[in-house]
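In: structure of the sequence below:
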Amino acid sequence: NEDNDAEKEQDPNESKSSLSSPAIKVVPVFGSAESRFPNPHGCKRCPPNLCKSYVLQHLLSTIYNTDSNHTSSPDRPQIVYIGDGGNDACPALEILNQNDFLFARDGSVPDADPRQWKGKQPDDVYAENELTNSDDGTRSRRFRLVPTLEKVANSEGKRTKANVYTWYKGKELYSLVSKHIL
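Out: Now for the predicted structure:
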């Protein structure tokens, strides 16, 4: 019994020491053996590691039995999608329908010191690469979702079917959601 008690006392110490090693391993959603979806998604609009349309369609088909048109199930929920990056344009164009809402962040982000980006790259998917100068002399980057939707509409003639509302700050988003959803 004393040997077993000694082993029990050591187990908590061992688990504490194992917590000091990294506990989270991040892998791409697509395209690697460790990924949730090991095969590439093939979407031309999205980066190779993630297609939000594919993931959203997977959720809809798994939970609500929708087909590839995303509308066949009478149980399909109304989707309220909030986005700001260029990769949010794909589900806005491919998945959302006339009963859904797209809250698209628009406006510009001040150009921060790159040392403060905390892992983000200057060509981050949330803001355009091109810096614009404002009247007050500050430089900024525009959030990519609205420009991407405009570009697709102009080049391909494709528009989202969802009800679209733009916002910049959290209070604006809260007000829009309160007015249109709640």
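In: please make it C-alpha for all contacts and neighbour counts, starting now.
Out: Noted.
In: can you give me the strands for the protein?
Out: In the chain, the segments counted as strands under DSSP state E are 80-83, 101-105, 108-110, 132-133, 139-142, 163-167.
In: lowest mean pLDDT across those, which one is that?
Out: Among these, strand 132-133 carries the lowest mean pLDDT, a mean of 54.
In: residue 106 contacts residue 150, doesn't it?
Out: No. Using Cα atoms under 8 Å, residue 106 is not in contact with residue 150; the gap is 11.9 Å.
In: export only the CA atoms of stretch 33-43, formatted as PDB.
Out: C-alpha atoms of stretch 33-43 as PDB (Å, rounded to 0.1, in the frame of the first residue of the first chain):
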ATOM      1  CA  ALA A  33      -2.000  14.800 -42.700                       C
ATOM      2  CA  GLU A  34      -2.800  16.400 -39.300                       C
ATOM      3  CA  SER A  35      -5.500  18.600 -40.700                       C
ATOM      4  CA  ARG A  36      -9.300  18.300 -40.000                       C
ATOM      5  CA  PHE A  37      -9.700  18.100 -43.800                       C
ATOM      6  CA  PRO A  38      -6.500  16.500 -45.200                       C
ATOM      7  CA  ASN A  39      -7.200  17.200 -48.800                       C
ATOM      8  CA  PRO A  40      -6.900  20.700 -50.300                       C
ATOM      9  CA  HIS A  41     -10.200  22.600 -50.700                       C
ATOM     10  CA  GLY A  42      -9.500  23.900 -54.200                       C
ATOM     11  CA  CYS A  43     -11.200  27.300 -53.700                       C
END
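In: show me which positions of that stretch end up buried.
Out: Of all the residues in stretch 33-43, those buried under the rule 16 or more other Cα atoms under 10 Å are 37, 41.
In: swap in stretch 86-98?
Out: Result for stretch 86-98 [16+ other Cα under 10 Å]: buried residues 86, 87, 88, 89, 90, 91, 92, 93, 94, 95, 96, 97.
In: wait, which of those is closest to residue 145?
Out: Of all those, residue 86 has the smallest distance to residue 145: 4.5 Å, by Cα to Cα.
In: relative to residue 55, how far out is the closest one?
Out: 16 Å (Cα to Cα, to the nearest Å).
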